[in-house]
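K.L.:
sequence first, then the predicted structure, then my questions.
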Amino acid sequence: MLHAFRVRAIIYFSLFHMSVTSTSRPSSAKTSANTSEGRVAPHNIDAEQGLLASCLLENGADILNECLAVKLRPEYFYRPPHQIIFETLIALNAQGVPPDEILVANKLKDLGQLDAIGGHAYLYELTNRIQTTVHAKFWMQIVREKFFLRQLIRTSQWTVEQAHGVGQGSVPELLNQVESEFFKIQQDTISDSAEPLAKSMDKAAALVAQMLHRQGAIIGVPSGFTDLDRLTFGLHPAEMIVVAARPSMGKTSIALNIAEHASIPLPRETRVPTPTLIFSLEMAAEHLAMRLLCSHARVDMQRLKEGFCDRPHGELSEVTKVLKAAPIWIDASSNLNVLEMRAKARRLHTRNKLGLVIIDYLQLVSPAGNYNSREQEVAEVSRGIKAMAKELNVPVIVLCQLNRESEKEKRQPRLSDLRESGSIEQDADVVLLLSKSKEALNSKHNEEEEQNPVALKLELIIAKNRNGPIGDVALTFNKRLTRFENYTGQAS
C-alpha cells in the first residue's frame, strides 16, 4: 500500500510540474533526447567512456558481467555510438569471446558499423581514456542513474500529453497506465538478488554433511591458534572478523601469524594453502615481509637490526624460499577508499581465487563519499568491508583500534570500546578483543610481566561470535619474535 502511494505521489507531482512548466508538447516524448523546454537530457559522456573502456581493457569480461548482472542494456547509454559498442560487447560475451579493442573493431567491421562509432580512432581513444578500472562500478552507477532520470523525464512528458487529451471518465484508466510505466522504471533500478529457499537449503545441507564428516574438525580457514579454532571452527566465508586492541598490543602481529598459518600449512597438515591478500595502509610492504620472515624463521628482529642473527644464513634463505612460494599478496597503497579496496580484491580474486583478506586497519580506510561525521564515515567503511566479505565469499579480518576507556578504567576491553562507531559491532560476525590478562591488569603483576624479556600472556576475548560461543583464549606473545603462539600454561 505504501509502495503504491509513493508511485502515485510521483505521478501527481509529475503531472502538476510538467503541466506548469511545459511550453510545448513533444511529438514523441518516449524517444525524445531532450526535455520539453529544450534542455539536454541528463547524461554523462565521461562515465560512459570510462565504463566502455573498462570493458575493453584487461579483465573486461568481469566488468561486463557485472554490467549484465545489474541489467545494463545498450539503451542505458546516451550516445548512439556507445550503444552500438556495448551491444557488440554483449554479442562477443555471449560467444564466450573476451572483449578487447581489436575483436570489437573486427565485429563492428563485419556488421558494417565501424564507421558509425567513429572507426578505429574512437576505439583507440576509449582504451586510452583511463589508466585503471577500479572506478568501473562508479561509472556503471552513474550511467544507470542518468538513464533512469531520462526515463522519468520521458514518462512525465508522455503523461502530460496523455492528460491533455484524456476523455471524461478515463482518468482511472490513465492513472493505472501511468502507474504501470513508473513501476517499470522502478523495477529496472532493482537487480535480482533473491534466490529460492531450496538453493540455500542445498548449501546448508552440504555444510551439515561436511561438519558430520569432519567430526568436530575445523571447517573454515584455520587461524593456527588451537583454542580459538576450537570455539570458532576456523574463519568462515563471507564473515567479517574484527581484531581490536589498543595501539602496540600486537594487532598486526596476530594478523600476520594467521596469514602465515593459513597460507603455509604445517608438514603434518593435508590441506591446501589459503591464498591471502593483505591490505596494509600503515606499513610498507617490505616491512611486513621482513616481519613475516623473522617470525617464520624465529629470528630476533631487534638483534638482526644490530647485525646479529641466531640462525645460519642458509636457514634464512630456505625460509625466504618458502615465503616466496606462499600465496600471499600485499597491497600497501595508502589513502584507499573502501570501494577501491573492494575493486582491487575483486580483480585479484578473478585471477587467483582468494581464501582470506586482511585489512590493517579499519580507521585508515577512507569512505567513498562525504559525510557529516567521523562516525558516519567509519560506519560506511564497515558496511563496505562486510559487503566485500559477502561478495567474494571469503573471511575478511579487519584490524581495529579501541578507545582509551579500558585503559583509563584499568579493565579488559568490551564491545562498546570499539572506536568511533557502533556499526562495527553490528556488521562484524566475530569480534576478537586483544588484551592483557586479568592478572596483568593489576599494577604489581603488570610490572612483573613487563620485566619478562621473553614473553607475555595475553588474552584474545571472543566478545561476539554470531555462529558460535563466546569466551576467552589465552595466547603467548613472544616479544623477541613479535609472534603469537598457543598458550601452554606459562608465558616464557
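P.N.:
Happy to help now that I have it. Numbering: from 1, shown residues only.

K.L.:
domain ranges for the protein?
P.N.:
As assigned by automatic domain parsing, the chain contains the domains 2-189, 209-486.

K.L.:
minimum distance to residue 198: which of those has it?
P.N.:
Smallest distance to residue 198 across the domains of the chain (CB to CB): 16.4 Å, for domain 209-486. Quick note: C-beta positions are derived from backbone N, CA and C, even for glycine.

K.L.:
got the end-to-end distance for the closest one?
P.N.:
Terminal residues of domain 209-486 are spaced 30 Å apart (CA to CA, to the nearest Å).

K.L.:
low-confidence ranges, the stretch 51-200 of the chain, go.
P.N.:
Scanning the stretch 51-200 of the chain for pLDDT under 70 picks out 59, 166-169, 180, 183-195, 197, 199-200.

K.L.:
strands of that one, start to end?
P.N.:
Secondary structure of the stretch 51-200 of the chain (DSSP state E, counting those that start in this stretch): no strands present.

K.L.:
ranges for the helices of the stretch 251-400 of the chain?
P.N.:
Assigned by DSSP state H, counting those that start in this stretch, the stretch 251-400 of the chain shows helices spanning 251-263, 285-297, 301-305, 313-325, 338-351, 374-392.

K.L.:
what's the longest strand anywhere in the chain packed up against?
P.N.:
When the chain is parsed with DSSP state E, its longest strand is strand 455-465. Counting contacts by 3 or more CB pairs under 8 Å, 6 or more residues apart in numbering; DSSP states H and E, strand 455-465 packs against helix 226-232, strand 430-436, strand 471-478.

K.L.:
what helices or strands is the next helix-or-strand element following the last one leaning on?
P.N.:
Using DSSP states H and E, the helix or strand that directly follows strand 471-478 along the chain is strand 483-486. Using 3+ CB pairs under 8 Å, 6+ apart as the contact criterion, the secondary-structure elements in contact with strand 483-486 are helix 251-263, strand 471-478.

K.L.:
what's the first one in contact with?
P.N.:
Residues from elsewhere that reach helix 251-263 (CB atoms under 8 Å, 6 or more residues apart in numbering): 221-224, 235, 243-245, 273-276, 278, 282-283, 288, 291-292, 295-296, 326-328, 355-356, 358, 360-361, 397, 399-400, 434, 460, 475, 477, 482-484.

K.L.:
on that earlier part again, pick out the shakiest of the helices of the stretch 251-400 of the chain, pLDDT-wise.
P.N.:
When the helices of the stretch 251-400 of the chain are compared on mean pLDDT, helix 301-305 scores lowest, with a mean of 67.

K.L.:
closest one to residue 176 among the helices and strands packed on strand 455-465?
P.N.:
So among the helices and strands packed on strand 455-465, strand 430-436 is nearest, using CB to CB, at 50.5 Å.

K.L.:
report the buried residues of the closest one.
P.N.:
Neighbour counts over strand 430-436 (16 or more other CB atoms under 10 Å) mark 430-436 as buried.

K.L.:
cool, and stretch 289-300?
P.N.:
By neighbour count on 16+ other CB under 10 Å, the buried set for stretch 289-300 is 289-297, 299-300.

K.L.:
and the longest strand of the chain, which strands flank it?
P.N.:
The partner list of strand 455-465 in its sheet, established with DSSP bridges, is strand 430-436 (antiparallel), strand 471-478 (antiparallel).

K.L.:
would you list these in JSON lines and tack on distance to residue 87 and mean pLDDT?
P.N.:
Shown next, in JSON lines, are these (distance: least, CB to CB, whole Å; pLDDT from 0 to 100):
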{"stretch": "strand 430-436", "distance to residue 87": "46", "mean pLDDT": "89"}
{"stretch": "strand 471-478", "distance to residue 87": "56", "mean pLDDT": "87"}
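
K.L.:
residue 264: which of the ones you listed is closest?
P.N.:
Residue 264 lies closest to strand 471-478 among these, at 17.9 Å (CB to CB).

K.L.:
distance from the chain centre to the closest one, please.
P.N.:
With CA atoms, centre = their mean, to the nearest Å as the basis, strand 471-478 stands 30 Å off its chain's centre.

K.L.:
ok, now how distant is residue 365 from residue 132?
P.N.:
Separation of residue 365 from residue 132 (CB to CB, to the nearest Å) stands at 18 Å.

K.L.:
I meant to write residue 79 there.
P.N.:
Per CB to CB, residue 79 is found 23 Å from residue 132.

K.L.:
what's the answer for residue 462, then?
P.N.:
Distance of residue 462 to residue 132, computed by CB to CB: 39 Å.

K.L.:
and if you look at residue 219?
P.N.:
To residue 132, residue 219 is 37 Å away according to CB to CB.

K.L.:
got it, and residue 175?
P.N.:
For residue 175, the distance to residue 132 equals 48 Å [CB to CB].

K.L.:
which one of those two has more residues nearby?
P.N.:
The neighbour comparison of residue 175 against residue 132 (other CB atoms under 10 Å) goes to residue 175, with 17 against 12.

K.L.:
next, format the buried residues of strand 430-436 as TSV and append distance to residue 335.
P.N.:
Converted to TSV, these look like this (distance: CB to CB, whole Å):
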residue	distance to residue 335
430	28
431	26
432	27
433	28
434	26
435	30
436	33
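
K.L.:
what is the nearest of those to residue 316?
P.N.:
Using CB to CB, residue 434 comes nearest to residue 316 of the buried residues of strand 430-436, at 28.9 Å.

K.L.:
leaving aside the residues next to it on the chain, what's closest to that closest one?
P.N.:
residue 245 (3.7 Å; CB to CB, 6 or more residues apart in numbering).

K.L.:
ok, what's across the strand from the one you found?
P.N.:
Here residue 245, judged by DSSP bridges, has bridge partners residue 401.

K.L.:
touching, it and residue 436? I think so.
P.N.:
No - Residue 245 lies out of contact with residue 436 (CB atoms under 8 Å); the separation is 9.9 Å.

K.L.:
so which of the helices and strands packed on strand 483-486 is nearest residue 96?
P.N.:
Judged by CB to CB, the one of the helices and strands packed on strand 483-486 that comes nearest to residue 96 is helix 251-263, at 32.7 Å.

K.L.:
just want the angle from that closest one to helix 313-325.
P.N.:
Per axes from the mean of the first three to the mean of the last three CA atoms, to 10 degrees, the angle that helix 251-263 makes with helix 313-325 is 80 degrees.

K.L.:
tell me what angle helix 251-263 forms with helix 285-297.
P.N.:
Interaxial angle, helix 251-263 versus helix 285-297 (the same axes, to 10 degrees): 70 degrees.

K.L.:
switch to numbering from 57
P.N.:
Happy to do that; since the first residue is 57 now, the last one works out to helix 307-319.

K.L.:
contacts only, for residue 400.
P.N.:
190, 335, 387, 389, 392.

K.L.:
nearest to residue 258, out of the domains of the chain?
P.N.:
Per CB to CB, nearest to residue 258 of those: domain 265-542, 10.7 Å.

K.L.:
any idea how far residue 164 is from residue 198?
P.N.:
Distance of residue 164 to residue 198, computed by CB to CB: 25 Å.
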